[in-house]
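Student: Provided below are the primary sequence and the corresponding predicted coordinates.
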Amino acid sequence: LAGGKGSLGGLLSGIAQATYYGHAGITEELLRGQLYPEAAPHEFRALLAKMSGVLKSVASADMDLNQLEAFLTAQTKKQGGITADQAAVIAKFWKNHRTKIRESLINQSRWDNTLKNMNWRVDLKSQSRHVDQINTPVAIVEMELGKNGQESEFLCLEFDEAKVNQMLKKLSEIEESITALTQTT
């Protein structure tokens, strides 16, 4: 399938734009029209599927350069695989885009909001329904929650000493669980 100079690099870039960077306007028709205008739709669709599959394999495994070389070599030897020239273009593309694609995959895999920022201060309570609670210290915690590229939400919480201790105990349990998991892998 012949395209203009840089067509395969452009195709990989288009696949990355649509798949990893959230550019919904990049369609099969647009890519074929700009990069492979002479190609029959079914031929282009086959190339697009093959390159999307290769890029998905490389990206989901977050391949380093040695893994990439071994994978691409295997793909060139496979029946209906890729050519050595295509392998070279894919390798160059991955070297240039690995970090950005990896960051995008990590951001896409987050379920929901993340903690973007946290501010706190300690105040003395000046009013309360119970006289014995006046002049007791309270922590005021403001958390900024949000997804990348979207407007943040702010959550404001008030903790007395007992609640701060309870929160610290829970955070300590979380830290222990994370440490246990990171030490076993």
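Tutor: Happy to help now that I have it.
Student: Would you state the strands of this structure in chain order?
Tutor: Under the criterion DSSP state E, the chain contains strands at 114-124, 137-146, 153-159.
Student: Can you give me the neighbour number for the closest residue to residue 62 other than its chain neighbours?
Tutor: Counting by C-beta to C-beta, 6 or more residues apart in numbering, residue 62 lies nearest to residue 102, which is 5.7 Å off, once chain neighbours are set aside. Using the backbone N, CA and C atoms, a C-beta is placed for each residue, glycine as well. By other C-beta atoms under 10 Å, 13 other residues sit near residue 102.
Student: Give the buried residues for the longest helix belonging to the chain.
Tutor: In the chain, with assignment by DSSP state H, the single longest helix is helix 84-109. The neighbour-count check on helix 84-109 (16 or more other C-beta atoms under 10 Å) flags 86, 87, 89, 90, 91, 93, 94, 97, 98, 101, 104 as buried.
Student: just checking, what packs against it?
Tutor: Judged by 3 or more C-beta pairs under 8 Å, 6 or more residues apart in numbering; DSSP states H and E, helix 84-109 is in contact with helix 7-19, helix 41-60, helix 65-77.
Student: what's the closest of those to residue 145?
Tutor: Residue 145 sits nearest to helix 7-19 of all the helices and strands packed on helix 84-109, at 26.9 Å, using C-beta to C-beta.
Student: mean confidence score for the closest one?
Tutor: The predicted model assigns helix 7-19 a mean pLDDT of 93.
Student: distance between it and the chain's centre?
Tutor: Mean-position distance between helix 7-19 and its chain equals 18 Å (C-alpha atoms, centre = their mean, to the nearest Å).
Student: So what touches it?
Tutor: 3, 23-24, 26-27, 30-31, 34-36, 47-48, 51-52, 55-56, 86, 89-90, 92-93, 97, 101 (C-beta atoms under 8 Å, 6 or more residues apart in numbering).
Student: ok, 6 Å please
Tutor: Contact partners of helix 7-19, identified using C-beta atoms under 6 Å, 6 or more residues apart in numbering, comprise 23, 26, 31, 35, 51, 52, 55, 89, 93, 97.
Student: will you turn the helices and strands packed on helix 84-109 into TSV that also has distance to residue 157 and mean neighbour count?
Tutor: Listed next are the helices and strands packed on helix 84-109 as TSV, based on distance: least, C-beta to C-beta, whole Å; neighbours: other C-beta atoms under 10 Å:
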stretch	distance to residue 157	mean neighbour count
helix 7-19	38	20
helix 41-60	38	16
helix 65-77	45	14
